[in-house]
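[1] Fold the following for me, if possible:
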Amino acid sequence: MQKDQGKRIRDKNGAVRGERFLFSFSLYIFPFFAACLLFARTLNFPLMYDTLLHTQLADGQTVWSVFVPNEQFGFYRPLVFLPIVVFQNVLGRYPIALFHLLNVVTHGLNAALVARLVWKLSGAKWQSLAAGLLFATFPFAYQALAIYGNNPYLTATFFILLGLNLTSRRDEGRGERHPQQREDDDPAPYILRNEWIGLPAVFLIGVLVHETAVLLVPFVLFLSWIGSEDRAVLSVLRKHWPLLVTCILYLAIYPFLPRGGGPVLDFGGNDLTPKILLFLQTAAWPTVLGLFQVFDGRLAILLGFALFVGWVVYSHFVARSTTLLLGIVWVLLATGLIGVTLPTYYIEDGARLLYPAGVGVALIWSALLVSRDLTGFKNLSGLLGVWFVIGLIAVGGAFNMRMIGLYEMGSRPYRALNQVVQESSPEAVMLVNMPQWVAWPEQVFPAGTEFAPVMGSHLFALELIRANTGQTPEIIVLDMPEALAQTDYTYGVYKVGSVAEYTAAGDKTIQTVATEYAESGPVGRWRGSIRPAASVLNTWSAGGLNFSTTTACTGPDGSVLFETIIEPDGPIGETQSLFVQALSGTGQLVAQNDGPPLTISPGRLRLNDRVQVVDRRILESEEKGAFVLAGVYDFMTGERAETVSADGGLVENNAFKLNVSSSCATSE
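    As a prediction, the model looks like this:
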């Protein structure tokens, strides 16, 4: 009989453990996958922006040398460079998709850890799930996810959350309340464990990634204090002395490490007002966003934050929540840290800096909107709270997708550039009007800058190509304001190292990639190449330009792809240009693409008889082109140059004619 009773107890305990496992799995897996799916598009992004600064600093380093302070870098963050060095040494290249996958997975783990932390603090499973999902879709997470170089903010947050989760645990048997607690208050069903080794180790690893991880210390002390019965500060400090000693040693040594000035330059002063408004908006973003539809920016922020504060105060007096209190402390410290140490412009442009504060925001709003138990579903306020959470998750997710779409749009020309370099391994590359950043004309939130920087004034295009392709061609940068277009989005042109004009010497092959600012966003096009002159059989000539291997074909999207090889007899005239027209079978004009060779002004690109130019043009049309007319003209007068065929005869209307075929062989 005792054996049967023991078997029943074991079966019951096993069933309970199984139920807990399934519950825990579902509680954490939903935020994890929501975060990963939301930012899965970033896996196709190239390495760009501050990632290039990190790859440049990691170049030539070893696994051990990364721990030596680098005087070219303004911070001591050796573990930032360690993955870059390891992958480069093991694979011989940078695994671009894997780098972005690390960002996505880290964000997913952070969302799961937020849910787990709230579960430990409150025992409220629906509130825990809400917190994890709210952080997974935190509106200002996009910049930290889009660029691998911003991984330190993700990783530092991970170690803060990991430390808090490792040192606290649920105590199912502890259901008593303090004498001053009421029935609706959290029963504080958690114990903060005294970790002599684990917690200092997590802290040390975190601060070697990013200084933000120092926030683990005040968070641990706060939870330990609020969870203790006597609320004695000295006993809390004594309990966590290993962590405090580690933190004090770190803070004492850090200022004396040999470090450089860093990439942060004070371009915009240090006005407190924009900082404060941005921080208020971050904490109260749901109410601010709603009021911004009615009021102007500053008023919407102030009214939204006032409403938020009133809600928090009311909620605290109705049911004192450890989750809510930790969230308030988290937001205050996370925003205060960057507010004190960084200039205004850097914070306004850097949504990535708000990522750690997003944890506190998720804790606060989950505590405000979701009851601790299922009884919240049985009343109107609980039901409204749940629907409010669902709405916030949808809005946050939509905003992140909007901003990730901007990064996808801005990086498109660079993906085209990398493809050209990988396929042709050129000696040199000419970049024309490449984007530095893109943005929508109207912002969703009133404070901060909503834009997608893909390159920066502190970055070189050579490092972008080296990091993404492993090749180091010569780089020629041209910016041509006359070729820019008016669009529904705004953008800036990359100009680092740009030259006013370039003379082709004919001693190397130069691939040309230019950006067209179309309605759908910037598009990178391979315009052709410049290479040393060679003996070819000309098929037609016009205006001192000799043409050979001229082809035209229909592309997959129905557009006409025109390509020709040009050899000048001498310098090309300042006003000399090509016209290329696609006509239907009835002779009606369906598309046109005029412009000088490579569509670069002769005043910017000096061509001569020492070079041969491969010129490619795309003629986009809804109607299929049957044949193409091409020739040379003066764009100031419109007069066509006399066109001569290979046999010396004059070409009708000074326009060389060729049929559009279904396929054509390109010269590259």
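
[2] What is the least confident helix or strand in this protein?
    Using mean pLDDT, DSSP states H and E, strand 190-192 stands out as the lowest-scoring helix or strand of the chain, at a mean of 58.

[3] what element comes up after that strand heading to the C-terminus?
    For strand 190-192, the succeeding helix or strand toward the C-terminus, using DSSP states H and E, is helix 198-207.

[4] so what does the helix or strand that comes right after that next one touch, helix or strand wise?
    Counting by DSSP H and E, the element after helix 198-207 in chain order, helix or strand, is helix 216-227. Counting contacts by 3 or more C-beta pairs under 8 Å, 6 or more residues apart in numbering; DSSP states H and E, helix 216-227 is packed against helix 151-166, strand 190-192, helix 198-207, helix 233-239, helix 241-253, helix 322-341. C-beta coordinates here come from the backbone N, C-alpha and C atoms, glycine included.

[5] Quick check: which of these is buried the most?
    helix 151-166 (a mean of 24; mean count of other C-beta atoms under 10 Å).

[6] what is the orientation angle of that helix with helix 216-227?
    Our comparison of helix 151-166 with helix 216-227, counting by axes from the mean of the first three to the mean of the last three C-alpha atoms, to 10 degrees, yields an angle of 30 degrees.

[7] angle of helix 151-166 against helix 241-253?
    Using the same axes, to 10 degrees: helix 151-166 against helix 241-253 is 160 degrees.

[8] And the contacts of helix 151-166?
    With C-beta atoms under 8 Å, 6 or more residues apart in numbering as the test, helix 151-166 has contacts from 77, 79-80, 99, 102-103, 106-107, 109-110, 113-114, 116-117, 120, 144-145, 195, 198-199, 202-203, 205-207, 209-213, 215-216, 219-220, 223, 352-353, 355-356, 359.

[9] hmm, which of those residues are the buried ones?
    Buried subset of these (neighbour count, 16 or more other C-beta atoms under 10 Å): 77, 79-80, 99, 102-103, 106-107, 109-110, 113-114, 116-117, 120, 144-145, 195, 199, 202-203, 205-207, 209-213, 215-216, 219-220, 223, 352-353, 355-356, 359.

[10] For the stretch 201-350 of the chain, give me the ranges with low pLDDT.
    Across the stretch 201-350 of the chain, the ranges flagged by pLDDT under 70 are 229, 259-269.

[11] Apply 90 and report the result again.
    Within the stretch 201-350 of the chain, the stretches with pLDDT under 90 are 221-243, 254-274, 293-297, 311-324, 339-350.

[12] follow-up on the earlier one: nearest to Gln511, out of the helices and strands packed on helix 216-227?
    helix 151-166 (31.4 Å; C-beta to C-beta).

[13] So what's the gap between the closest one and the chain middle?
    With C-alpha atoms, centre = their mean, to the nearest Å as the basis, helix 151-166 stands 19 Å off its chain's centre.

[14] now it against helix 198-207, angle please.
    Going by the same axes, to 10 degrees, helix 151-166 makes 170 degrees with helix 198-207.

[15] model confidence over helix 151-166, on average?
    For helix 151-166, mean pLDDT rounds to 94.

[16] can you tell me the helix or strand for the residue nearest to Leu431 when sequence neighbours are not counted?
    Spatial nearest neighbour of Leu431, excluding adjacent residues (C-beta to C-beta, 6 or more residues apart in numbering): Val477 at 5.1 Å. For Val477, the element it lies in under DSSP H and E is strand 474-478.

[17] which parts of the next helix or strand after that strand are buried?
    Helices and strands here follow DSSP H and E; after strand 474-478, the next one along the chain is strand 490-493. Buried positions in strand 490-493, judged by neighbour count with 16+ other C-beta under 10 Å: Tyr491, Gly492, Val493.

[18] pLDDT score for Ala416?
    pLDDT, Ala416: 92.

[19] cool, and the one 3 residues further on?
    Per-residue pLDDT puts Gln419 at 92.

[20] Can you tell me the SS state at Arg527?
    strand (DSSP: H, G, I helix; E, B strand; the rest coil).

[21] Run a quick neighbour tally on it.
    Applying the criterion other C-beta atoms under 10 Å, we find 23 residues in the vicinity of Arg527.
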